[in-house]
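Novice: Below are the sequence and a predicted model for it; my questions follow.
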Amino acid sequence: MTECPECAASVDGGEKIVGEIFPCPDCGTELEVLKTAPFAVEPAPREAEDWGE
Amino acid sequence: MSNGLTLGLFLTIVRPEEKAILAAAERRGVPVVRFDDREVTFGLERPDGLPSVLLNRSVSHTRSVYAGRCFEHYGVPTVNAPDVLELAGDKVRTSLRLQERGVPTPRTVVALSAEAARKAIDSIGYPAVLKPAIGSWGRLLAKVDTAEDAEQILEHKEALASPIHSVFYVQEYVEKPGRDLRAFVVGEEVVAAMFRRSESWRTNSARGAVAEAAPLTPELRETSLRAADAVGGGVLAVDLMEGKGGLVVHEVNPTPEFKALQGTTDVDVAERIVDYALRQGRR
């Protein structure tokens, strides 16, 4: 369990893995998993112009 | 079993696709070496600890191409190969190649200045579609219905600083029945296909299009394989539209997402990708 860096809501690590992107359940900010033990997140990287498939 | 092979995974972020690939590798007993495209550095000498094969899943066109070149330099086979990423990641080069290979594709005109783009749009006729040469997810696409639209859109494009915005890729607007098609090619096989339905003219899954399974008709299979082969082959999502004269290929995506597709098929797409990559590692 950790806090969303944007809204401070509690965010649960669950089965998430390092690098995974998921939305904060409260504010919807996209978060990236930095570590799983202890669980730590930061805002996900912003989409750049050359991103795509 | 891994047979001593290791799988490299070059990525930006872990999306459901990368999670599925990691899980598929684990089921195969294949160790995975992860490379974060924001952290990795490349020297000129071959480093230790390289994987047998690299799956290049970076969402950044630029990073994927440069990393692909470096891994190629080290002698690591990559899926997709950097030549394929460079070509299919660029809509201009893709269109040229599709036309060279006789793969049906919408009428397209390229211009290198806003002034020339006005002429290009006029020559295509209205409505036309203006796309960035690089990038996807339906970003910065514009449907140009009138000459007035063209003026406004080109004015905005001219104001953007990046030189890539001075490449104007103009395509005919293909009337399609509220959907397009995506065929997922792995090597010599179309593993699955889906319709992407949308109220909008943009049918990208990233823009909320609804996916449903599409039958693999001979025309779909053949056109998709020809398009994939034209850009060099590998793991590719071929996007097609149902035009009046048959299927036309409008994009070939070299770092394809498949979350939406996976929801429409029993084929385990991630396993197919991992198996294909491992076959390249055995060569």
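Specialist: All right, it came through fine. Numbering: from 1, shown residues only, chains lettered A, B, ... in the order given.

Novice: is it true that A:E6 lies in a strand?
Specialist: No: under the criterion used here (DSSP: H, G, I helix; E, B strand; the rest coil), A:E6 is coil, not part of a strand.

Novice: which residue sits closest to it, ignoring its sequence neighbours?
Specialist: A:T29 (4.3 Å; C-beta to C-beta, 6 or more residues apart in numbering or on different chains). Any C-beta I mention is one placed from the backbone N, CA and C, and that applies to glycine too.

Novice: Repeat that for B:S58.
Specialist: That would be B:S64: by C-beta to C-beta, 6+ apart, it lies 4.1 Å from B:S58.

Novice: host element of the one you found?
Specialist: helix B:61-73 (DSSP states H and E).

Novice: Run through the residues that contact the residue in chain A that chain B sits nearest to.
Specialist: Among residues of chain A, the one nearest chain B by C-beta to the nearest C-beta turns out to be A:G52. It sits 3.1 Å away. Going by C-beta atoms under 8 Å, 6 or more residues apart in numbering or on different chains, A:G52 touches B:59, B:61, B:89, B:134-137, B:139, B:253, B:255.

Novice: that older thread, thought B:L55 was touching the residue nearest to B:S58, still the case?
Specialist: No: using C-beta atoms under 8 Å, B:S64 is not in contact with B:L55; the gap is 10.8 Å.

Novice: so what sits against both of those two?
Specialist: In contact with both B:S64 and B:L55: B:F10, using C-beta under 8 Å, 6+ apart.

Novice: What are the buried residues along the helix or strand bottoming out on mean pLDDT in chain B?
Specialist: Least confident helix or strand, chain B: helix B:147-159 with a mean of 91, by mean pLDDT, DSSP states H and E. Neighbour-count burial for helix B:147-159 flags B:149-150, B:153-154, B:157 (criterion: 16 or more other C-beta atoms under 10 Å in any protein chain shown).

Novice: Switch the residues you listed over to TSV; also include distance to B:D239.
Specialist: Shown next, in TSV, are the buried residues of helix B:147-159 (distance: C-beta to C-beta, whole Å):
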residue	distance to B:D239
B:D149	24
B:A150	24
B:I153	22
B:L154	25
B:K157	23
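
Novice: Turn those residues into a markdown table, columns for distance to chain A.
Specialist: Shown next, in a markdown table, are the buried residues of helix B:147-159 (distance: C-beta to the nearest C-beta, whole Å):
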| residue | distance to chain A |
| --- | --- |
| B:D149 | 22 |
| B:A150 | 22 |
| B:I153 | 17 |
| B:L154 | 18 |
| B:K157 | 13 |
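
Novice: Can you show me the strands along chain B?
Specialist: Taking DSSP state E as the test, the strands found in chain B are B:7-11, B:32-36, B:53-57, B:78-79, B:108-111, B:128-131, B:142-144, B:168-172, B:179-186, B:189-197, B:210-213, B:235-243, B:246-253.

Novice: most centrally placed residue in chain B?
Specialist: B:N253 (1.1 Å; C-alpha atoms, centre = their mean).

Novice: Which residues of chain A lie near chain B?
Specialist: A:17-21, A:32-33, A:44-45, A:47-53 (C-beta under 8 Å from any C-beta of the partner chain).

Novice: Now list the buried members of the residues you listed.
Specialist: Buried among the residues of chain A next to chain B by 16+ other C-beta under 10 Å: A:19-21, A:32-33, A:44-45, A:49-53.

Novice: Let me have those residues in CSV, extended by secondary structure and distance to B:S200.
Specialist: What follows is those, written out as CSV (DSSP: H, G, I helix; E, B strand; the rest coil; distance: C-beta to C-beta, whole Å):
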residue, secondary structure, distance to B:S200
A:G19, coil, 31
A:E20, strand, 29
A:I21, strand, 24
A:E32, strand, 29
A:V33, strand, 32
A:A44, coil, 25
A:P45, coil, 27
A:E49, coil, 22
A:D50, coil, 23
A:W51, strand, 20
A:G52, coil, 18
A:E53, coil, 18
